[in-house]
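# here is my input; please provide its structure:
(chains A, B, C and D)
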There are 4 protein chains.
Amino acid sequence: MSSIFGKLFTVSTWGESHGEAIGAVVDGCPAGLEISEEYIQIFLDRRRPGQSALTTQRKEGDAVKILSGVFEGKTTGTPISLIIKNTDQHSADYEQIKDWYRPGHADEVYDSKYGFRDYRGGGRSSARETATRVAAGSIARKFLNEKCGTEFTAIVCGEIETAIETARKNNDSIGGIINLTIKNPPKNLGEPVFDRTEALLAMAMMSIPATKGFEIGEGFNAAKMLGSEHNKLGENHAGGVYGGITSGEDIFCRIAFKPTPSISKPQRAKNKNGEIGEISIKGRHDPCVALRAPVIVESMAALVLMDLWLCQSK
Amino acid sequence: MSSIFGKLFTVSTWGESHGEAIGAVVDGCPAGLEISEEYIQIFLDRRRPGQSALTTQRKEGDAVKILSGVFEGKTTGTPISLIIKNTDQHSADYEQIKDWYRPGHADEVYDSKYGFRDYRGGGRSSARETATRVAAGSIARKFLNEKCGTEFTAIVCGEIETAIETARKNNDSIGGIINLTIKNPPKNLGEPVFDRTEALLAMAMMSIPATKGFEIGEGFNAAKMLGSEHNKLGENHAGGVYGGITSGEDIFCRIAFKPTPSISKPQRAKNKNGEIGEISIKGRHDPCVALRAPVIVESMAALVLMDLWLCQSK
Amino acid sequence: MSSIFGKLFTVSTWGESHGEAIGAVVDGCPAGLEISEEYIQIFLDRRRPGQSALTTQRKEGDAVKILSGVFEGKTTGTPISLIIKNTDQHSADYEQIKDWYRPGHADEVYDSKYGFRDYRGGGRSSARETATRVAAGSIARKFLNEKCGTEFTAIVCGEIETAIETARKNNDSIGGIINLTIKNPPKNLGEPVFDRTEALLAMAMMSIPATKGFEIGEGFNAAKMLGSEHNKLGENHAGGVYGGITSGEDIFCRIAFKPTPSISKPQRAKNKNGEIGEISIKGRHDPCVALRAPVIVESMAALVLMDLWLCQSK
Amino acid sequence: MSSIFGKLFTVSTWGESHGEAIGAVVDGCPAGLEISEEYIQIFLDRRRPGQSALTTQRKEGDAVKILSGVFEGKTTGTPISLIIKNTDQHSADYEQIKDWYRPGHADEVYDSKYGFRDYRGGGRSSARETATRVAAGSIARKFLNEKCGTEFTAIVCGEIETAIETARKNNDSIGGIINLTIKNPPKNLGEPVFDRTEALLAMAMMSIPATKGFEIGEGFNAAKMLGSEHNKLGENHAGGVYGGITSGEDIFCRIAFKPTPSISKPQRAKNKNGEIGEISIKGRHDPCVALRAPVIVESMAALVLMDLWLCQSK
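Reported below is the predicted structural model:
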């Protein structure tokens, strides 16, 4: 189920960057939650490009529309269909490199896996798809916030503005790290073996395009710690999970993003015939994908906890 | 489904460290694969404690028995039931601390989630459970090796023997990092959105007890790289996956383990009544859980690729 | 997953009878299948009301639109989003009985389960939802037909036109039976225990609104047969499945539909306060739901076989 | 997932009729339920053959053992592993017909699907496998009974003793029908679209070996009824479900079983080479499988309602 996430709170996303629209179907949301297009839009606007000098100048309108599952302003317990029209597509940017496999992109594996591909943008692997996760996640976070006071906050880690500016000037790109804090998570979520909270969070984060690493609590730093340090009562080195189960303490995660693969700096590439050449990728691309990623990270975390909350037996 | 892993190649594990036995049911294995108890035992023996001065002196016999699904030495396509009897349990070690929550363990969250718990060992969160993953994984890796030549190799990263020896002498423990290499993975596995190969590998690894971090390819290092570096043709910085799909190139992962939480060094702990005291955990525990983890990491990786292989549409 | 069907070929449906639109997301369809709106429309038109004197006079336009997953006329292997706008809604018909629970409908259980409900039409339990199953099923049947020559044919059983005409004149309704024949089904589909072909077909059929019974092969008649009769070679009394697995012989099923619950004949009903009164349901309702059901039955059967086809290991 | 049933209360069964043992792993049972081997045995004894002149004289010991998931007499919330040793196997009975496909059995499709088969008994399609469903179901019914007062009662329908006696004398077999009544089912269970209660009950029943038909409420009789009759308040013609959701009223189902395919009366059969011959099946077989089926039917119904109970959102 490539495009379906969750067991009881399921999100089924669809749509390509250069099609008519993208969307998500959210199934399993309890009835009675107040939801509006205006509310969801707040989170989509945080993800939207074109907001600062450091992000792409594409103007993805990203106006969401609710097509089902809400009656008189409240969820009815039935599937909530969310749709976002695609606008401002520059498909022509892709025409000239349609026979080339963009380095660092999934172009070549797509051709291999499916036999052919929609060469306009990254298809389903495009960052555009993440808008639908944000829309779906906004419902989950509202529920958890009202029910348990849970708050999701992700920020780009460190001072990286100068590095981004330099990369952009060189027609290049750079990676980044996101820090996620979940305050007041519900306790007792997660299961002791495969469906551990940290395993599901890792899966959720590593399903975001361009992610390459995940940590919870002390993460890789834990490898160098002594048991007597890591165990210390009240210091929450574990990051809020024990044996896969949430303790109710704050959850801390870090997620690593690779540099945006689309750069206009000329680079060596392969084409369909296996020939090597040099290409320069035109178009309006973020020099650092991490900048717009915090709301995506928060949304995926909300989807994980929401699903676990529904699974937690009575 | 706390204890079930996979969609088409499913592994359902059961058993506590201090019960009569532990086991796994492997469903979905294609018919005709040669499997024997002796073959599976090779991998269990790699995980078994008591093999070096640096691992616990417990002697988990770990002798596996196949109860179903194999006829005349070959899999029949029906569920393969694997059972490993528990022996050499020292439940008495746990009696004296049964009202205390061992720091860094899941004791407290278990009591909170389930209302009570089997205080002998870590229950389902015990490292003992991982023996069943190794048994199940040995079937998956054999299939992939015969079909595609795939090889899974995990090793403990760096020189850590001195650090372990020091920790042990101080009645303490230390963490560690495992490097995983998958040679000749099948290509075209994984799906572009949620069921990305790296997302499923992350979930699988982060479901192993004591894991705190996961990286693929350059991992966190990718955050500091330029797009023009990371993209370079033929350098496989991505670690064998693009947009979630395997390219057939080698896959590289790193997994961080926290220090063993069970240490005999006295430490502050909470009990059921919320009182704080000092406890010392007796018993035979590994000073570094990472030492025995390579075969577990390889096994989980094999389960992920096997399941994706079956899911890959014809 | 209330509104998601299938494991590898998944269909996620959404939408209420009186909302803006209904739709389905089809995930897992192999790449390269030629699909067009015109093709899908053929099947939707067979389900559409208003085609004969014996069906409702509502004019559900049912014009389908493909929003994603198809590029240059062929499926790309990514989710196919299908949308059908709702038109010709007479919500006012429902205003006057909004506090009454229509007998034979899910109104009362909806209020009990969800706390409130969209009183306009049957919500998700409305027959309107089945249009999305037909749209999704048309893709599955095309694939199976091209790949294996499979043909799905359902017909209303027996001569029931007079009975329907009589029921309509009396402002009443009547049930019916559908016979389904699947010619050239793929062989070796289905699994021996829970995921038997007949079990999945039964589930699929009994998930169609108003169904009350399912038979395969001889069905209830088998209860009266002798083993020596039922076993006879070449007579296919089993209906094409043995131990849950398809033999490649034709599959025969029968599905029973109850009478349409919406009738304008006055009947006793309960309201929200538990009071009993008499109501007459206005609006344009089919006197026999079975008449429009054949294409729905065929579609659900196609979804079952398609999913099993993808699950059948290589 | 051929051998896994349920979403939150999952049952994973394993084992062949002629292997060393059969068993089930029950995952997702809430903690704190009192369960013992003696309790489960009561239900296994109802299924056990050899109890009357009308059932097979095989003596399947069917003594269940709990290997995990229960501590001090109560479930711990972790997987419950149940094992039943196979005894009294007469594998020699099968040696002489091992190249012949028994008519009405899955022998031929097994060979086709898997490439080869364990010719001793019916493998996973054997009725022996149902013992594990009964063991698992006994846990579900205890939970539902204590929580909601739910009672499951299945009986063989009609007077069929004479017919069975006649069939047996003629070395033949006969089919039968089981009536199932569920008293005090939890209300609000089931989902309005695919996961309807009646759809899941149909799937569960049609996954029992030898079943050919399923009805709920009026079943096929509903096809002949008028809406005004079927709707009548207080008469429960629907059988306790509306739009897929339980109303709390009693649930009524009927399940049709075909005649036992194994008969000693000589019959025409095919062999591996496609030749036609005559075989007589030796061994100790039930002349009517329905006689021992009531407890299996009750168990599967309990598994369905238990899973829906856990899925029902809070």
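
# what's the pLDDT at A:H90?
Looking at A:H90, its pLDDT reads 68.

# I misspoke; the intended subject was A:G19.
pLDDT at A:G19 comes out at 86.

# how about A:Y119?
pLDDT, A:Y119: 81.

# what do you get for A:T75?
96.

# pop out the phi and psi values for it.
Main-chain torsions, A:T75, degrees, to the nearest 10: phi -60, psi 150.

# what do you get for A:G32?
Torsion angles, degrees, to the nearest 10, at A:G32: phi 100, psi 0.

# now do the contacts for it.
A:74-75, A:77, C:114-116 (C-beta atoms under 8 Å, 6 or more residues apart in numbering or on different chains). For glycine as for every other residue, the C-beta is placed from the backbone atoms N, C-alpha and C.

# need those in TSV (columns: distance to chain B, neighbour count and secondary structure).
Shown next, in TSV, are the contacts of A:G32 (distance: C-beta to the nearest C-beta, whole Å; neighbours: other C-beta atoms under 10 Å in any protein chain shown; DSSP: H, G, I helix; E, B strand; the rest coil):
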residue	distance to chain B	neighbour count	secondary structure
A:K74	28	18	strand
A:T75	22	22	strand
A:G77	23	26	coil
C:Y114	26	22	helix
C:G115	27	13	coil
C:F116	32	14	coil
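
# restrict these to those near chain D?
Among the contacts of A:G32, the residues that sit close to chain D (C-beta under 8 Å from any C-beta of the partner chain) are A:G77.

# quick one: which of the contacts of A:G32 is nearest to chain D?
A:G77 (7.8 Å; C-beta to the nearest C-beta).

# per-residue pLDDT, the nearest residue to the closest one once chain neighbours are set aside?
Sequence neighbours aside, A:A31 is the residue nearest to A:G77 in space, at 3.5 Å (criterion: C-beta to C-beta, 6 or more residues apart in numbering or on different chains). What the model reports as pLDDT for A:A31 is 94.

# what helix or strand is A:A31 located in?
Following DSSP states H and E, one finds A:A31 outside all helices and strands.

# residue contacts, it?
Contacts of A:A31 by C-beta under 8 Å, 6+ apart are A:74-77, C:114-116.

# what of A:E161?
A:L54.

# so where's the stretch 1-150 of chain A shaky on pLDDT?
Applying pLDDT under 70 to the stretch 1-150 of chain A flags the ranges A:1, A:49-53, A:55-61, A:88-91.

# show me where it has strands.
A:4-5, A:10-14, A:21-27, A:64-66, A:70-71, A:74-75, A:80-85, A:100-101 (DSSP state E, counting those that start in this stretch).

# could you export those as TSV, including distance to B:R254?
Shown next, in TSV, are the strands of the stretch 1-150 of chain A (distance: least, C-beta to C-beta, whole Å):
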stretch	distance to B:R254
strand A:4-5	25
strand A:10-14	29
strand A:21-27	33
strand A:64-66	38
strand A:70-71	44
strand A:74-75	42
strand A:80-85	36
strand A:100-101	27
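
# what does the stretch 51-200 of chain A have sitting close to chain B?
Counting by C-beta under 8 Å from any C-beta, the stretch 51-200 of chain A sits next to chain B at A:103-106, A:108-110, A:112-113, A:122-125, A:129, A:167, A:170, A:172-177, A:187-188, A:191-196, A:198-200.

# hang on, A:I164 in a helix?
Yes: membership of A:I164 in a helix is supported by DSSP: H, G, I helix; E, B strand; the rest coil.

# what's the local residue count around the nearest residue to it once chain neighbours are set aside?
In space, and not counting its chain neighbours, A:I164 is closest to A:C288: 4.8 Å by C-beta to C-beta, 6+ apart. Per other C-beta atoms under 10 Å in any protein chain shown, the neighbour tally for A:C288 reads 26.

# next one: A:N179
17.

# now do the contacts for A:E20.
By C-beta under 8 Å, 6+ apart, the residues touching A:E20 are A:85-86, C:67-68.

# what's the spacing between the residue lying closest to A:K187 once chain neighbours are set aside and A:G190?
Counting by C-beta to C-beta, 6+ apart, A:G248 is the residue found nearest to A:K187 once chain neighbours are left out, at 3.4 Å. As for A:G248, its distance to A:G190 is 12 Å (criterion: C-beta to C-beta, to the nearest Å).

# do the same with A:R292
Taken as C-beta to C-beta, the span from A:R292 to A:G190 is 29 Å.

# when those two are compared, which one has more neighbours?
Ranked by neighbour count (other C-beta under 10 Å), A:R292 and A:G190 place A:G190 first, with 27 against 22.

# mind listing what the more buried one touches?
A:196-198, A:200, A:241, A:244-246, A:308.

# just the ones of the residues you listed in helices?
A:197-198, A:200, A:308 (DSSP state H).

# between the residues you listed, which sits nearest chain D?
For the ones in helices among the contacts of A:G190, the nearest to chain D is A:L308 (11.9 Å; C-beta to the nearest C-beta).

# quick one: contacts for that closest one?
With C-beta under 8 Å, 6+ apart, A:L308 has these contacts: A:186, A:189-190, A:195, A:197, A:200, A:246.

# which pair of those residues spans the longest distance?
A:P186 and A:D195 (15.0 Å; C-beta to C-beta).

# higher neighbour count, these two?
Neighbours were counted for A:P186 and for A:D195 using other C-beta under 10 Å; A:D195 has more, 22 against 18.

# distance check, that one against chain C.
A:D195 sits 16 Å away from chain C, taking C-beta to the nearest C-beta, to the nearest Å as the criterion.

# now tabulate the contacts of A:L308 in CSV and tack on pLDDT.
Output for the contacts of A:L308, formatted as CSV (pLDDT from 0 to 100):
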residue, pLDDT
A:P186, 97
A:L189, 97
A:G190, 96
A:D195, 95
A:T197, 98
A:L200, 98
A:T246, 97
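
# thinking the residue nearest to A:K187 is in contact with A:P186, fair?
Yes: shown here, A:G248 and A:P186 form a contact pair, counting by C-beta atoms under 8 Å, at 7.4 Å.

# on that earlier part again, look at the residue nearest to A:I164 and report its pLDDT.
95.

# from C:R120, how far out is it?
48 Å.

# cool, A:V134 as well?
To C:R120, A:V134 is 30 Å away according to C-beta to C-beta.

# higher neighbour count, those two?
Ranked by neighbour count (other C-beta under 10 Å), A:V134 and C:R120 place A:V134 first, with 26 against 20.

# let me see the contact set for the closest residue to A:R133 other than its chain neighbours.
Among residues not flanking A:R133 along the chain, A:S299 sits closest, at 5.2 Å (C-beta to C-beta, 6+ apart). Residues counted as contacts of A:S299 (C-beta under 8 Å, 6+ apart) are A:43, A:133-134, A:136-138, A:140-141, A:152.

# count of neighbours near the residue in the stretch 51-200 of chain A positioned nearest to chain B?
Residue nearest to chain B within the stretch 51-200 of chain A (C-beta to the nearest C-beta): A:A106, separated by 2.7 Å. Other residues within reach of A:A106, judged by other C-beta under 10 Å, total 29.

# quick check, pLDDT for the residue lying closest to it once chain neighbours are set aside.
Counting by C-beta to C-beta, 6+ apart, B:G243 is the residue found nearest to A:A106 once chain neighbours are left out, at 2.7 Å. Predicted confidence (pLDDT) for B:G243: 93.

# and the stretch 101-250 of chain A, which residues reach chain C?
So the stretch 101-250 of chain A meets chain C at A:113-118, A:123-124 (C-beta under 8 Å from any C-beta).

# make it 10 Å
Contact residues, the stretch 101-250 of chain A versus chain C (C-beta under 10 Å from any C-beta of the partner chain): A:110, A:113-120, A:123-125, A:129.

# quick one: which two of those are the most distant?
Farthest pair in these, by C-beta to C-beta: A:G115 and A:E129, 21.1 Å.

# my read is that A:G121 contacts A:H18, right?
Yes: between A:G121 and A:H18 there is a contact at 4.7 Å, judged by C-beta atoms under 10 Å.

# out of these two, which sits in the busier spot?
The neighbour count for A:G121 versus A:H18, taken as other C-beta under 10 Å, is higher for A:G121 (23 against 20).

# what sits against that one?
By C-beta atoms under 10 Å, 6 or more residues apart in numbering or on different chains, the contact set of A:G121 is A:16-19, A:86, A:89-91, A:93-94, A:105, A:127-128, A:262, A:283.
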